[in-house]
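# 3D model of this:
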Amino acid sequence: MLTMKGKYGLKAMLHLARLPEGERALSEEIASAHNISKKFLDAILADLRMAGMIQARKGRGGGYLLARSPTEIRIGHILRVLDGPLAPIPCASRTAYRRCDDCRDERACAVRRMMLEVRNAISAVLDDKTLADAASDPAGQELEFREIAVAG
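Below is the predicted model:
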């Protein structure tokens, strides 16, 4: 399941992707626009900065901006940074594989095979979609603006 950290991180990244090129946004602006606790958002932005996805500048003219073009940032990568592996169970993960303690034969495990299918389906969607794709989705923008209007 997508955590609040992942959801808010995606919203922040979409916010930055929709800015004119070279423009920065303050965390206060992002938090206010998306009804996110500033303290929680600051922790999320720190994780994204450490992962090399965003850049931060302090002081006058400071703020956050994407470190790379939105066309180069995959939604799956953002979620892995913030929420960890996409797989629902460790033995189905490509990035954080761990054998289950209770499993006698992984190849014969029906649960693992099913969860591999789930993981592959999730990955196919999230790793295929870039931040640019998501930011340019007019239906998604309309929904976010409606959420802001209702919250504000």
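# alpha carbons only for contacts and neighbour counts from here, please
Will do.
# Pass me the low-pLDDT residue ranges in this protein, would you?
Within the chain, the ranges that satisfy pLDDT under 70 run 138-152.
# wait, what's in contact with the residue sitting furthest away from the middle of it?
Note on the chain: the largest C-alpha distance from the chain mean falls to Arg104, namely 34.6 Å (Cα atoms, centre = their mean). Listed by Cα atoms under 8 Å, 6 or more residues apart in numbering, Arg104 has no contact partners.
# Alpha carbons of the longest helix anywhere in the chain, as PDB, please.
Looking across the chain with DSSP state H, the single longest helix is helix 110-126. Taking Å, rounded to 0.1, in the frame of the first residue of the first chain, the C-alpha atoms of helix 110-126 are listed here in PDB:
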ATOM      1  CA  ALA A 110       2.000 -20.300  -4.900                       C
ATOM      2  CA  VAL A 111       1.900 -17.200  -2.700                       C
ATOM      3  CA  ARG A 112       5.300 -16.100  -4.000                       C
ATOM      4  CA  ARG A 113       4.300 -16.700  -7.600                       C
ATOM      5  CA  MET A 114       1.200 -14.700  -7.200                       C
ATOM      6  CA  MET A 115       3.000 -11.900  -5.400                       C
ATOM      7  CA  LEU A 116       5.700 -11.800  -8.200                       C
ATOM      8  CA  GLU A 117       2.800 -11.300 -10.600                       C
ATOM      9  CA  VAL A 118       1.500  -8.400  -8.400                       C
ATOM     10  CA  ARG A 119       4.900  -6.900  -8.100                       C
ATOM     11  CA  ASN A 120       5.500  -7.100 -11.900                       C
ATOM     12  CA  ALA A 121       2.100  -5.400 -12.600                       C
ATOM     13  CA  ILE A 122       2.800  -2.600 -10.200                       C
ATOM     14  CA  SER A 123       6.300  -2.100 -11.500                       C
ATOM     15  CA  ALA A 124       5.100  -2.200 -15.100                       C
ATOM     16  CA  VAL A 125       2.800   0.800 -14.400                       C
ATOM     17  CA  LEU A 126       5.100   2.800 -12.100                       C
END
